[in-house]
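>>> Okay, predicted coordinates and the sequence, questions at the end:
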Amino acid sequence: MSEAPVLVEHHGPYTIEDLDAMPDDGQRYELIDGALHVTPSPASLHQRVTKRLCTLLDAASPVEWEALPAAVDVQTGKHSVLEPDVVVLRSAVVESLYRPIDSHDVALVAEVVSPSSVWMDRLVKPRLYASGGIPAYVLVETDEPRVSWFTLSASGGYELRGMASGDEVLRVTEPFEVSIVPADLVQPKG
């Protein structure tokens, strides 16, 4: 019989060292302004969408960048480390042993909305990604399906640059060019 991991009582804000000590139990552990945020493993449809979006972004990105699926830790502030569903980062840092990745080495992050992550993906994470200076944010919602593309604005937050639903084509132009059809991300093979 296996035992479930037990988190011990913790006083004060969590640190990156605390995050590194979390158990490898299939859950996502993220650090948000010093608070520990835990989410369950994603469902199968979420994984399908993540895989397809990652493949699409990787094929379209310039040679010095590459797309990777979660779990890549991205540090967006002194007390914030997030795990985007897909991250496009400098190829040079992929082989480094440094963890987490500095947000300045990231060109784009993408989140696939799950029932357990709606408010995080729509409100909290975009604020943190923008504060880390990540140039582009892509949000995928599977129920319609819909893809929204945001870029950094002069005010330091994200502004909506484009959106597509179903069989519509979203033409992303920054930080590189790629076309995304939301329905292609969710439909079964065949």
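Looks like it arrived, so ask away. Numbering: from 1, shown residues only.
>>> Verify the stated contact: D20 with V81.
No - using Cβ atoms under 8 Å, D20 is not in contact with V81; the gap is 9.4 Å. Using the backbone N, CA and C atoms, a C-beta is placed for each residue, glycine as well.
>>> neighbour count winner among these two?
More crowded of D20 and V81, by other Cβ atoms under 10 Å: V81, with 24 against 12.
>>> next helix or strand past the host helix or strand of that one?
Taking DSSP states H and E as the definition, one finds V81 inside strand 80-82. Remark: after strand 80-82, the chain's next helix or strand is strand 86-90, criterion DSSP H and E.
>>> And the most centrally placed residue in the chain, its phi and psi?
Nearest to the geometric centre of the chain sits P84, at 1.8 Å (Cα atoms, centre = their mean). Here is the backbone geometry of P84 (degrees, to the nearest 10): phi -60, psi 160.
>>> Which secondary structure state does the nearest residue to it once chain neighbours are set aside sit in?
Spatially, and ignoring its direct neighbours in sequence, P84 is nearest to V109 (3.9 Å; Cβ to Cβ, 6 or more residues apart in numbering). With DSSP: H, G, I helix; E, B strand; the rest coil as the basis, V109 sits in strand.
>>> And for D18, the neighbour number?
16.
>>> so what does the strand or helix carrying it touch, helix or strand wise?
If you go by DSSP H and E, D18 is part of helix 16-20. Packing partners of helix 16-20 (3 or more Cβ pairs under 8 Å, 6 or more residues apart in numbering; DSSP states H and E): strand 28-32.
>>> avg pLDDT for the strand it packs on?
Computed over strand 28-32, the mean pLDDT rounds to 85.
>>> Brilliant, that's me finished.
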